[in-house]
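Q: Model the structure of this input:
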Amino acid sequence: MKILLAALTMIIATNASPLFAKGGAGGKGAKKSASTPAVDPNLAAAKAHGGKVWILSSAPPSVEGEELAKWLSGHPSAGEVSKKPNEERWPINYLAVFRKPPAKGPMTIEFVDKKEPGTLVAQDSSQTMGGSLVFQEPYDLDTNNGFNKGHTYIIKVGQIIKNKFISYATGEVALK
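A: Residues are numbered from 1 along each chain as shown. All right, here's what the predicted structure looks like:
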């Protein structure tokens, strides 16, 4: 009887070992498929255009994936915006495409005058959380905050990690 029980145990163990090796039946890695993050639909756009920022005076495109990659290919990343003579601001929308997903947490944008690269004109942290390969938001470039007509500004989109700004994408905007 003991021999029969031992043989039965060995047969069960032999047949179950491939299942546990593959992560099935509660074995090591059984929950991997449930916790695997979804693939970002903008992976193609990130491969082709990662590290750039598009400046738009109109609404950003509401597409993603390959349609977004096609849209980005057909539009220059450097932007030129004009304001009405009686206004003190240039309203823009910026669309940043990252090479890899940023850390979870708020995103930060910085503006630097191209003529004075060491001088920070404006910095703003967004309450929108990072994590996606594409980040877009509206922003007002205001004369009261140091923005001037006829100047070109470098925009950097990134995050502040350990009290240091890490840039994920850059672009340019000329104010007319």
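Q: My guess is residue 120 contacts residue 113. True?
A: No: Residue 120 is beyond contact range of residue 113, at 9.0 Å (criterion: Cβ atoms under 8 Å). C-beta here means a position set from N, CA and C on the backbone, and glycine is covered the same way.
Q: Among the two, which residue is more densely surrounded?
A: Shown here are residue 120 and residue 113; by other Cβ atoms under 10 Å, residue 113 has more neighbours (17 against 14).
Q: which parts of the longest strand along the chain are buried?
A: Assignment by DSSP state E gives strand 164-175 as the longest strand of the chain. In terms of neighbour count (16 or more other Cβ atoms under 10 Å), strand 164-175 has its buried residues at 167-175.
Q: again, but for stretch 157-166
A: Result for stretch 157-166 [16+ other Cβ under 10 Å]: buried residues 157-159.
Q: Just those residues: which are in strands?
A: Members of these lying in strands (criterion: DSSP E): 157-159.
Q: In TSV, list those residues along with distance to residue 77 and pLDDT.
A: Putting these into TSV (distance: Cβ to Cβ, whole Å; pLDDT from 0 to 100) gives the following:
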residue	distance to residue 77	pLDDT
157	12	95
158	16	94
159	20	94
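Q: sorry, back to before: pick out whichever of the buried residues of stretch 157-166 sits closest to residue 80.
A: Closest approach between these and residue 80, by Cβ to Cβ: residue 157, at 18.7 Å.
Q: follow-up on the earlier one: counting contacts, what elements does the longest strand of the chain pack onto?
A: strand 52-56, strand 79-81, strand 89-97, strand 106-113, strand 134-142, strand 152-161 (3 or more Cβ pairs under 8 Å, 6 or more residues apart in numbering; DSSP states H and E).
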